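Novice: prediction below, plus the sequence it came from.
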Amino acid sequence: MRVGLYPGTFDPITLGHIDIIRRAATLVDKLVIGAAINRDKGPLFTLEERVRMIKHETDPLQEEMGTEIVVHPFENLLIDCAHDVGAQIIVRGLRAVADFEYEFQMVGMNRALDDSVETVFLMAEAKHQAIASKLVKEIARLGGDVSRFVTPPVRDALEARLNVKQVPRRRA
């Protein structure tokens, strides 16, 4: 069985993440979504909330794609998490050149720790390349419409957490 690990903080999960999950699910028999516990980033949502959101978004994909998709919280080294879940592949999404530079360094370090785990990069679809959770949170915090970047349940969770109401933008 080929197992892939797609790690991230998913704070919150975006349409860009879902795009990568959908595409990664075609490459493996089981896809583990590694929800990182990263206290340094100061997540907006608790781990439990992020896991719940990820499951809500991936449960329909699991049925649709026929690939087992599970969520696994982790706080250890990524390579150790890969070992914990039996992953032979780490899946990383790329948006821009800046992502590649960081990811290139991470691959080198992970390979130095264990060269049996491969990293596969998937480019985000063009319509999702600008989406970053950090920017989505900032737009939502300022009352902007994030409905092009997240699903309705995630938008609602952002509104509730930030105590704001999204103001839909008129298109010119």
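Specialist: Sure, I can see it.
Novice: next one: the closest residue to T58 other than its chain neighbours from C81, what distance?
Specialist: Excluding the flanking residues, the one nearest T58 by Cβ to Cβ, 6 or more residues apart in numbering is I69, at 4.6 Å. Where you see a C-beta, it was placed from the backbone N, CA and C, and this is true even at glycine. Per Cβ to Cβ, to the nearest Å, I69 is found 16 Å from C81.
Novice: from memory L44 sits against V136, does it?
Specialist: No - when contacts are counted by Cβ atoms under 8 Å, L44 is not listed as touching V136 (9.9 Å).
Novice: so if I had to pick from these two, which one is more boxed in?
Specialist: Shown here are L44 and V136; by other Cβ atoms under 10 Å, V136 has more neighbours (25 against 20).
Novice: spell out the secondary structure type for that one.
Specialist: helix (DSSP: H, G, I helix; E, B strand; the rest coil).
Novice: can you show me the helices along this protein?
Specialist: For the chain, helices defined by DSSP state H occupy the ranges 15-24, 47-65, 78-85, 97-113, 133-141, 152-162.
Novice: which stretch among those helices is buried most, on average?
Specialist: Counting by mean count of other Cβ atoms under 10 Å, helix 15-24 has the highest mean neighbour count of those, with a mean of 21.
Novice: alright, I will stop here.
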